[in-house]
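J.: I'll drop the sequence and a predicted model, then ask my questions.
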Amino acid sequence: MIACSDLHPESIYNVAPNGVNVAIALARTNNIESVLAVAAIAPDLLTMADDDGETVLHKLLNNCSLVNVARVVHCHPEVLKLNLIADFIDSNIFNTESMAKYIAALINMGFEQPDNFAEALQSIGIDEADISRLRMDGDF
């Protein structure tokens, strides 16, 4: 695990020739604590894409790490507003709606819901009724 004190802000922004930044590299290995440590210093790295167009969330989703996705969303709800999850539909594992509902349910089960979470869900097409149901029981 990487501690925030171990990170040098100037080196965090070094990117490999293939566009991979340190947060993406850590997400590939499911090292969520270190991803969050990096994001605490450089939150914009969460939304930077590599040369394949994939971000930290994509790497975590590729690993089927829904709990880790929920942790990133909990700490940085702005990642949902970028509609990054919609890019993952092609995997045939999840669609945008089921993914958003699952993340919301995970957050309701174990993570405090951010104030703007409903707005973020609406921005990727989850309607008000679904958000209300999530608030009531966290299950669909």
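T.: Done, it's in.

J.: please, where are all the helices along this protein?
T.: Under the criterion DSSP state H, helices of the chain are mapped to 9-12, 22-28, 32-41, 56-62, 66-75, 78-81, 96-110, 117-123, 128-137.

J.: from A129, how far off is the closest residue to K59 other than its chain neighbours?
T.: Using CB to CB, 6 or more residues apart in numbering and skipping residues adjacent in sequence, the residue nearest K59 is A27, 3.7 Å away. Placement of C-beta: from N, CA and C, glycine included. A27 sits at a distance of 33 Å from A129 (criterion: CB to CB, to the nearest Å).

J.: do L60 as well
T.: 28 Å.

J.: what number of residues lie near A27?
T.: Residues lying near A27 (other CB atoms under 10 Å) number 31.

J.: meant to ask about P43
T.: P43 has 14 nearby residues by other CB under 10 Å.

J.: wait, doesn't it sit right on H76?
T.: Yes - using CB atoms under 8 Å, P43 is in contact with H76, at 5.7 Å.

J.: quick one: contacts for I24?
T.: By CB atoms under 8 Å, 6 or more residues apart in numbering, I24 lies in contact with 45, 48, 50, 54-56, 59.

J.: so for L60 and A129, which sits in the more crowded spot?
T.: Higher neighbour count among L60 and A129: L60, with 24 against 8, using other CB under 10 Å.

J.: ok, that one - contacts?
T.: Contact criterion CB under 8 Å, 6+ apart gives 27, 30, 32, 35, 68-69, 72 as the residues in contact with L60.

J.: cool, thanks, talk later.
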